[in-house]
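Visitor: My questions concern the predicted model and sequence given below.
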Amino acid sequence: MKVTRLTITVILSAALFAVLLYSGLKPSFGPRNTTPHIALVMKSLANEFFLTMEHEARAHQKSSATEYRLTANGIRNETDVSGQVRIIENMIAQDVDALIVAPADSRALIPVCAQAIQQGIVVINIDNRFNQQTLAAKSLQIPFVGPGNRKGAKMVGSYLADHLEAGDGVAVLEGIPTAHNSQERKAGFIEAFREKALDILTIRSAEWDMEKANIVVAALINEYPDVKGIACANDSMALGAVAALKAAGKLNSVYVVGFDNISAVQEMLKNGQILATADQFGGQIAVNGIEYALEILKTGTHKADQETPVELITKQSIENNNE
Amino acid sequence: MNTKRIMHMLLREAGVGIALVLICLLFVFIAPKFATMLNFTNILVQISINMVLAIGLTFVILLGGIDLSVGSVLALCTIVAGKVLTMDSLSVPMAIILAVAASIITGILCGLFNGYVSNRWNLHPFIVTLGMLNIARGAAQQISNSRTIFSFPAVFNNFGSQTFAGVPVIFLISLIMIIIAGFMLRKTVFGRVIYAVGNNEESARLSGHNSGFYKVIVFVISGFCVGVAAILYMLRLNMASPILGVGFELNAIAAAVIGGTSMFGGKGSLLGTFFGACIIGVLNNGLLLIGMSDNARLMVTGFIIVAAVVADYYRARVSLSLQTEQ
């Protein structure tokens, strides 16, 4: 017998085909598990915000009165849209009962979520809201549980504006421009600045990223030496902005504000390097989404959107909390 | 018949395939819902785009080159195609045909740039394609104004989720691509010369082959594959975005390398690349289904890549000892 590449290929393909066939015919064995299975699909777990979300969801699963199984997954970076689609597809194949999704893109995740709904899976949208027009065009209703990003950003923006004079120059750092929450926060900042008649010098994107924010701000303070305040759409970018200001020796003349209240900014809030941020209680968002899903699974009724609280965090509010 | 020899042959020719079958079998037993038709169709769709990119990279790596730009060029191709596809002035069939053509032409032009520049000035493709990685990303963001493009014609969107005899159309397209490319590489003079140049450029040149031509053309092939992959991506996600495809080049390189393509050129096959892409896809899927955390998944995939290269070292020694036996 002569062993050729072809025979080996044929044998292997046959083996693979056998596995496929076997699996296709195999009925799902075992008694059907009746505890609901909930899948939490988040964005980048390298971002502390989502890590907190995962931890609180797990804590909730352990202590919750309603018993359920929880699978939590995230993607590698905030822009990995196809990675997130892949996770959701795999969750659908796993027959989960509910999907809690923090979409990396406000539109791109809608088709796969529509597919999930078709399979009878309850889908809840958290954190970053799906584009409402696209949802309407597909006549889908997906309840949204999340913070009023615009309201939060306006609070932070107004607090910054209170520290400045009318006509002072400010800059805005937005996240990934295609993301709905970035657009909302940007709009909130701009609204607050317009009310106080501040001069918005420029709006730049640093894609939620500390490193990119560092570079953007370093260039920005060269271009606009008289900038008095920088509003960042998340805290990671605020950290990058502070590093750039420090390098340029301008930390004392420029105010920086952020969003998210991650633990890395706590010290900076206390020593004044960052003026303010907003806490949208990320952990609570996921937990609320899960409770929403459990309720829908139990009662079978559709639920309306739910806005979760956002709180302004400053040096003062931290000190008050500690007392 | 020498059993030892059969074992060696198996190891040399089908090592990756056997690994794939073993990994599949493992998951059938340990992962709930792994072995379902829906899950397998999922895997097929999920590996398609990486597989098409890996075809192009196999050609490039066979000549000892590398193409780091495929992820960014993919984004650029989707943006260009997306712009054409959403033009109001075009009829739907016309828009689709032109969008496919635009995507492929964009890919080919980027590939031509990579190939020509690295060959003309004798630069390592690593640095030239690194440049292209930035050029294409910047161009994609510039052209799209950093916006996602969507609302493609319904015919186009629906085609992406079609199946043919139970097999997803997206996978079928990539399968046809890999069969044609495999035929080119194995059965045509063109393909054999690529191996010859990859093995020993000097001797190929001395026997009358224009090695420069081949060094450029493999990048054009890679660009063509990116153009096709971009259309597959749009069929799958129904959108075009300037930020997609970050890190795709690494997965495609991994597929080729796991499949036994040597980074030094001259050695490798598209059958191997096919198995390599399958292994990455099955791992991604199976590890997720058994509930492994994100970070652990990354580590496991990383170890598998290293293990594949180490296995390749032993395979090379086995085939060497086989030759001496003969």
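Guide: Right, received. Where do you want to start?
Visitor: same for the helix or strand hosting A:Ala59, what does it pack against?
Guide: Here A:Ala59, judged by DSSP states H and E, is contained in helix A:48-63. Applying 3 or more CB pairs under 8 Å, 6 or more residues apart in numbering or on different chains; DSSP states H and E, we find helix A:48-63 packed against strand A:37-44, strand A:69-75, helix A:282-299. Where you see a C-beta, it was placed from the backbone N, CA and C, and this is true even at glycine.
Visitor: ok, now with 10 Å
Guide: Packed against helix A:48-63 by the contact rule (3 or more CB pairs under 10 Å, 6 or more residues apart in numbering or on different chains; DSSP states H and E) you find strand A:37-44, strand A:69-75, helix A:235-248, helix A:282-299.
Visitor: all strands of the stretch 1-150 of chain A, in order?
Guide: For the stretch 1-150 of chain A, the strands defined by DSSP state E, counting those that start in this stretch cover A:37-44, A:69-75, A:98-101, A:122-126, A:144-147.
Visitor: Next, count neighbours for the residue nearest to B:Ala136 when sequence neighbours are not counted.
Guide: Nearest-residue entry for B:Ala136: B:Ser72, 3.9 Å, with adjacent residues in sequence omitted and distances by CB to CB, 6 or more residues apart in numbering or on different chains. If you count neighbours by other CB atoms under 10 Å in any protein chain shown, B:Ser72 ends up with 27.
Visitor: got the contact list for B:Ser72?
Guide: By CB atoms under 10 Å, 6 or more residues apart in numbering or on different chains, the contact set of B:Ser72 is B:110, B:129, B:132-140, B:226, B:242, B:244-246, B:248-249.
Visitor: Among these, which lie within helices?
Guide: Under the assignment DSSP state H, these contribute B:110, B:129, B:132-140, B:226, B:248-249 to helices.
Visitor: now, which of these sits nearest chain A?
Guide: Nearest to chain A out of the ones in helices among the contacts of B:Ser72 is B:Phe248 (CB to the nearest CB; 8.6 Å).
Visitor: Please verify my assumption that that closest one contacts B:Val226.
Guide: Yes. Counting by CB atoms under 10 Å, B:Phe248 sits close enough to B:Val226 to count as a contact (9.2 Å).
Visitor: The two: which has the busier surroundings?
Guide: Neighbour comparison, B:Phe248 and B:Val226: the larger count goes to B:Val226, with 35 against 23 (by other CB under 10 Å).
Visitor: do you know how far B:Phe59 is from B:Lys187?
Guide: As judged by CB to CB, to the nearest Å, B:Phe59 and B:Lys187 stand 15 Å apart.
Visitor: Between the two, which is the more surrounded one?
Guide: It is B:Phe59, of B:Phe59 and B:Lys187, that has more neighbours when counted by other CB under 10 Å, with 30 against 10.
Visitor: Kindly indicate whether the more buried one is helix, strand or coil.
Guide: Under DSSP: H, G, I helix; E, B strand; the rest coil, the three-state class of B:Phe59 is helix.
Visitor: that older thread, which among the ones in helices among the contacts of B:Ser72 count as buried?
Guide: Neighbour-count burial (16 or more other CB atoms under 10 Å in any protein chain shown) applied to these gives B:110, B:129, B:132-133, B:135-137, B:139-140, B:226, B:248-249.
Visitor: For chain B, find the nearest of the strands of the stretch 1-150 of chain A.
Guide: Nearest to chain B, of the strands of the stretch 1-150 of chain A and by CB to the nearest CB, is strand A:69-75 at 5.3 Å.
Visitor: I'd like to know which elements the closest one is packed against.
Guide: Short answer (3+ CB pairs under 10 Å, 6+ apart): strand A:69-75 packs on strand A:37-44, helix A:48-63, helix A:81-93, strand A:98-101, helix A:282-299, helix B:270-289, helix B:294-325.
Visitor: just so I know, which of those lies nearest B:Tyr116?
Guide: Proximity to B:Tyr116, assessed across these by CB to CB, is greatest for helix B:270-289 (24.8 Å).
Visitor: doesn't A:His55 make contact with A:Leu70?
Guide: No. A:Leu70 lies out of contact with A:His55 (CB under 10 Å); the separation is 11.7 Å.
Visitor: list residues touching both of the two?
Guide: Joint contacts of A:Leu70 and A:His55 (CB under 10 Å, 6+ apart) are A:Ala286.
Visitor: So between the two, which is more surrounded?
Guide: Each of A:Leu70 and A:His55 has its neighbours counted (other CB under 10 Å); A:Leu70 has more, 21 against 14.
Visitor: Give the burial count for A:Gln273, as a bare number.
Guide: 20.
Visitor: cool, the one 10 residues further on as well?
Guide: Here the neighbour count serves as a burial measure; for A:Gly283 (other CB under 10 Å) it reads 19.
Visitor: gap between the closest residue to it other than its chain neighbours and A:Lys43?
Guide: With CB to CB, 6+ apart as the criterion, A:Gly283 has its nearest non-adjacent residue at 2.9 Å, and that residue is A:Glu56. According to CB to CB, A:Glu56 stands 16 Å off from A:Lys43.
Visitor: So which of those two has more stuff around it?
Guide: Using other CB under 10 Å, the more surrounded residue of A:Glu56 and A:Lys43 is A:Lys43, with 27 against 18.
Visitor: for residue 112, what are its contacts?
Guide: Just so you know, I chose chain A. A:Val112 makes contact with A:84-89, A:91-92, A:99, A:101, A:103, A:123, B:236-238, according to CB under 10 Å, 6+ apart.
Visitor: wait, chain B
Guide: Residues near B:Leu112 by CB under 10 Å, 6+ apart: B:216-217, B:219-220, B:223.
Visitor: Run a quick neighbour tally on the closest residue to chain B within the stretch 201-323 of chain A.
Guide: When scored by CB to the nearest CB, the stretch 201-323 of chain A has A:Ser205 as its residue closest to chain B, at 6.7 Å. The burial count assigned to A:Ser205 is 22, neighbours taken as other CB under 10 Å.
Visitor: Show me what from the stretch 51-200 of chain B comes close to chain A.
Guide: B:75, B:141, B:144-151, B:157, B:160-161, B:166, B:186 (CB under 10 Å from any CB of the partner chain).
Visitor: switch to 7 Å and redo it
Guide: B:146-148, B:150 (CB under 7 Å from any CB of the partner chain).
Visitor: Would you mind measuring from B:Ser89 to chain A?
Guide: Distance of B:Ser89 to chain A, computed by CB to the nearest CB, to the nearest Å: 22 Å.
Visitor: residues near that residue, how many?
Guide: Residues lying near B:Ser89 (other CB under 10 Å) number 6.
Visitor: Next: A:Glu89.
Guide: Applying other CB under 10 Å, we find 21 residues neighbouring A:Glu89.
Visitor: so which helix or strand takes in the nearest residue to it once chain neighbours are set aside?
Guide: Ranked by CB to CB, 6+ apart and with sequence neighbours excluded, the top spatial neighbour of A:Glu89 is B:Asn42, at 4.8 Å. Secondary structure assigned from DSSP H and E places B:Asn42 in helix B:37-62.
Visitor: And that helix, what's buried?
Guide: Quick answer for helix B:37-62 (16+ other CB under 10 Å): B:39-62.
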